[in-house]
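Asker: give me coordinates for this.
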Amino acid sequence: MSALTTTPPDFAGDALVLNVNDTEGVRYMISRMLDRGGLRVEEAGTVAEAMEKVRQLKPKLVVLDIKLPDGNGLDLCRSLKHSPQTQTVKVLHVSATFVAPEAKVQSLNSGADGYLAYPFEQEELVATARSLLRLYEAEQKLRDTADELQNANQRTHEFLAMLAHELRNPLSAITTCLPVLEREAPRDDLESSAWRVLRRQTVHLRRLVDDLLDTARVTQGKIVPKWETVDLVALLSRVAESARRSLTDGRRQQLQFRFSRPRVPVRGDSLRLEQVFSNLLDNASKYSAEGGRIDVDLKLASDASNRVHVLVRDTGVGIPPQALGTIFNLFSQADVPLARSRGGLGIGLTLVRTLVELHGGAVSARSEGLGKGCEMQVDLPVLVDSTLDAPESSLRDEGPAREQVAKRRILIVEDNPDAQTMLKMLLEMWGHEVTVASDGRAGIEAIESQHPDIALVDIGLPLADGYELARTVRKKNGDRRNWLLVALTGYGAPEQRARALEAGFDVHLVKPVEPAQLASLISRGTPIPAGEH
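Answerer: The predicted structure follows:
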């Protein structure tokens, strides 16, 4: 046999090979060949010894005889490949007994990465071993890259979720300011216009924050739809009317909704479908000039696919051809002259696509180029021969009528000074008696001493968080059910909502809460039955 005296630069003697053979002379010969080929070698003579050394030494390659005294190499190979701890180890079967073609087939079917039958030359053994080791290294790089991408993806989602949470506190304070500032009618058109802009942009900012959080949750599969039969015509009518009030009227844009059927039933989550079309109308309005036009068309497919097409067309800035394939990607922004001045985070269309696909549909974009507008098309499956459920209630809580409500003793436990001050001011303006606490321990003491009718409690509190507060006060006041413990927080994921209710909260509200929704809750003054939170 010819000697191989050079050490390959890709391994430099650090690749550990385990040579498993019960015949001492053959084992020595194979180890000698591998050693002369520049590879580090350890030896084992039985299945049990081989398994122990694989666990201890973690070799990259096992050169494995098929016939062993306490088992066979086929079973050992299967064990290595089926175990998560050893499945990446490469296995090269060698045999002097099983030399027929079917033996090689059995070897490869057991999970082996290679097969050699005696007699073989040193060059053949070493070359095969190096080839399998290169394969091991390439696969390891791919695994490392996949782990890095997964970790980066997880960090991105965690950042988005935390950013959304951190933005909710200042946004909550701003939202609470609006009804305080609007106590009196505007003095002139200038002031009236300023109020409209402030309210419209607050709604827009809230939608961006919600999109941030929902993007992090949806792309990780953490949103479970609440399926129901939805009348798409009624839903689009609500979305269009809301867009007129909050978007297009202020920009003097024309919004036209046309439909070919009085009712179109689809299986969906009405909240998420509203989110889809609200995002599309928001984009259409945002990227269209003042005085532009937006058309929403709903029509059934002309073929037998039982699908409905919803088209949102605008006369806006359009999309360049090279961007059409990427606009649904996370953080993607079409390269148009007005893009940055129009705002946006590049996440709205990612959320739209994910939610539409969650409903078994598809979304696409078309544009003839810059300055020629854009058309977004959403396709959804239609329910055939379906009876619609009772008419859906509007998702926007308009709050109670403005009749006088009973005066409540309300405790606010909030560590953000501005959010605390503005919420206190709003509640006092409504005629309630309000006290505050700035940390969890102070909140527990205030509940114990003051016995409020309602406690509005943030979750992320210093000294003791909201969960600990709820558990503590419920343990001490479990029989006192004529008061309301409300989580008012920036943490809005389903698992966080479930944790809050489990800790003892009656209601879980996500910041910023609409004043009308808060007023409605306070007017009840008693715990809400399960399922209405």
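Asker: may I have the beta-bridge partners of Ile412?
Answerer: Applying DSSP bridges to Ile412 gives these bridge partners: Val436, Leu456.
Asker: and it, how far from Ile174?
Answerer: 17 Å (C-beta to C-beta, to the nearest Å). Quick note: C-beta positions are derived from backbone N, CA and C, even for glycine.
Asker: which one of those two is surrounded by more residues?
Answerer: Counted by other C-beta atoms under 10 Å, Ile412 and Ile174 do not tie: Ile412 has more neighbours, with 24 against 18.
Asker: show the average pLDDT along stretch 277-296.
Answerer: Averaging pLDDT along stretch 277-296 gives 88.
Asker: from one end of it to the other, what's the distance?
Answerer: 10 Å (C-alpha to C-alpha, to the nearest Å).
Asker: what are the contacting residues of that stretch?
Answerer: 204, 207, 211, 235-236, 239-240, 242-243, 247-248, 251-258, 310-317, 336, 338, 342-344, 348-349, 351-352, 373-374, 376, 378 (C-beta atoms under 8 Å, 6 or more residues apart in numbering).
Asker: name the residues of it that come out as buried.
Answerer: Under the neighbour-count criterion of 16 or more other C-beta atoms under 10 Å, stretch 277-296 has 277-288, 292-296 buried.
Asker: what does stretch 17-33 give?
Answerer: Val17, Leu18, Asn19, Val20, Asn21, Asp22, Arg27, Met29, Ile30, Ser31, Met33.
Asker: what is the nearest of these to Lys475?
Answerer: Leu18 (58.3 Å; C-beta to C-beta).
Asker: how many residues are close by the closest residue to that closest one other than its chain neighbours?
Answerer: Of all residues beyond its chain neighbours, the one nearest Leu18 is Pro59 (4.1 Å), with distances taken as C-beta to C-beta, 6 or more residues apart in numbering. Neighbour count of Pro59, defined by other C-beta under 10 Å: 24.
Asker: where does Pro59 land in three-state SS?
Answerer: coil (DSSP: H, G, I helix; E, B strand; the rest coil).
Asker: how about Pro262?
Answerer: coil.
Asker: and the one 4 residues further on, by the same measure?
Answerer: Following three-state DSSP, the label given to Val266 is strand.
Asker: for it, grab the count of nearby residues.
Answerer: Quick note: Val266 (other C-beta under 10 Å) scores 22 neighbours.
Asker: what do you get for Thr421?
Answerer: Neighbours of Thr421 (other C-beta under 10 Å): 16.
Asker: next SSE after the helix-or-strand element of the chain with minimal mean pLDDT?
Answerer: Of all helical and strand segments in the chain, the minimum by mean pLDDT, DSSP states H and E falls on helix 189-218, at a mean of 73. Tracing the chain C-terminally past helix 189-218 and defining elements by DSSP states H and E, one meets strand 228-231 next.
Asker: just the ones of the buried residues of stretch 17-33 in strands?
Answerer: Those of the buried residues of stretch 17-33 mapping onto strands are Val17, Leu18, Asn19, Val20, per DSSP state E.
Asker: so how far is Thr88 from the third one?
Answerer: Here Asn19 is placed at a distance of 19 Å from Thr88 (C-beta to C-beta).
Asker: then the last one?
Answerer: Val20 sits at a distance of 17 Å from Thr88 (criterion: C-beta to C-beta).
Asker: let's see which of the contacts of stretch 277-296 end up in strands.
Answerer: 254-258, 310-314, 374, 376, 378.
Asker: follow-up on the earlier one: what about the buried residues of stretch 277-296, which are in strands?
Answerer: Of the buried residues of stretch 277-296, the ones assigned to strands by DSSP E are Arg293, Ile294, Asp295, Val296.
Asker: rebuild those residues as a markdown table, extending it with distance to Ala470.
Answerer: What follows is these, written out as a markdown table (distance: C-beta to C-beta, whole Å):
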| residue | distance to Ala470 |
| --- | --- |
| Arg293 | 51 |
| Ile294 | 45 |
| Asp295 | 49 |
| Val296 | 44 |
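Asker: ok, the residues you listed vs His82, which is closest?
Answerer: Among those, Val296 lies closest to His82 (C-beta to C-beta), at 55.1 Å.
Asker: measure that closest one to Met376 for me?
Answerer: The value you get for Val296 to Met376, if C-beta to C-beta is used, is 10 Å.
Asker: need the overlap of contacts for these two.
Answerer: Leu311, Val312, Arg313.
Asker: quickly list what the second one is bridged to.
Answerer: Applying DSSP bridges to Val312 yields these beta-bridge partners: Val296, Met376.
Asker: that one: neighbour count?
Answerer: 22.
Asker: most residues in a single helix of this structure, which one?
Answerer: helix 122-181 (DSSP state H).
Asker: what angle sits between that one and strand 16-20?
Answerer: Put simply, helix 122-181 runs at 130 degrees to strand 16-20, going by axes from the mean of the first three to the mean of the last three C-alpha atoms, to 10 degrees.
Asker: pLDDT score for the residue nearest to Lys299 when sequence neighbours are not counted?
Answerer: In this structure, Lys299 finds its nearest non-sequential neighbour in Ser260, 4.8 Å apart by C-beta to C-beta, 6+ apart. At Ser260, the pLDDT value in this model is 78.
Asker: domain ranges for the chain?
Answerer: 16-120, 227-381, 409-524 (automatic domain parsing).
Asker: which stretch among the ones you listed comes nearest Pro170?
Answerer: Among these, domain 409-524 sits nearest to Pro170 (C-beta to C-beta), with 7.0 Å.
Asker: and the closest one, how far apart are its ends?
Answerer: 13 Å.
Asker: cool, and stretch 290-309?
Answerer: 27 Å.
Asker: and for stretch 176-188?
Answerer: Start-to-end span of stretch 176-188 (C-alpha to C-alpha) is 23 Å.
Asker: from Glu414, how far off is Leu518?
Answerer: For Leu518, the distance to Glu414 equals 13 Å [C-beta to C-beta].
Asker: thinking again about what came up before, the residue nearest to Lys299 reaches Val308, doesn't it?
Answerer: No. Look at Ser260 against Val308 with C-beta atoms under 8 Å: they stay out of range, at 9.5 Å.
Asker: neighbour-wise, which of these two wins?
Answerer: With neighbours defined as other C-beta under 10 Å, Ser260 and Val308 compare such that Val308 has more, 23 against 11.
Asker: next, that one: phi, psi?
Answerer: Val308 adopts backbone torsions of phi -120, psi 140, taken as degrees, to the nearest 10.
Asker: who's in contact with it?
Answerer: By C-beta under 8 Å, 6+ apart, the neighbours of Val308 are Leu232, Val264, Val266, Leu298, Lys299, Leu300, Ala301, Asp379, Leu380, Pro381, Val382.
Asker: in ChimeraX, how would I select the buried members of those?
Answerer: Provided next is the ChimeraX selection string for whichever of the contacts of Val308 are buried by 16+ other C-beta under 10 Å:
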select :232,264,266,298,379,380,381,382
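Asker: including distance to Gly443, could the contacts of Val308 go into a markdown table?
Answerer: A markdown table is the format used below for the contacts of Val308 (distance: C-beta to C-beta, whole Å):
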| residue | distance to Gly443 |
| --- | --- |
| Leu232 | 45 |
| Val264 | 49 |
| Val266 | 45 |
| Leu298 | 50 |
| Lys299 | 55 |
| Leu300 | 55 |
| Ala301 | 56 |
| Asp379 | 50 |
| Leu380 | 46 |
| Pro381 | 49 |
| Val382 | 51 |
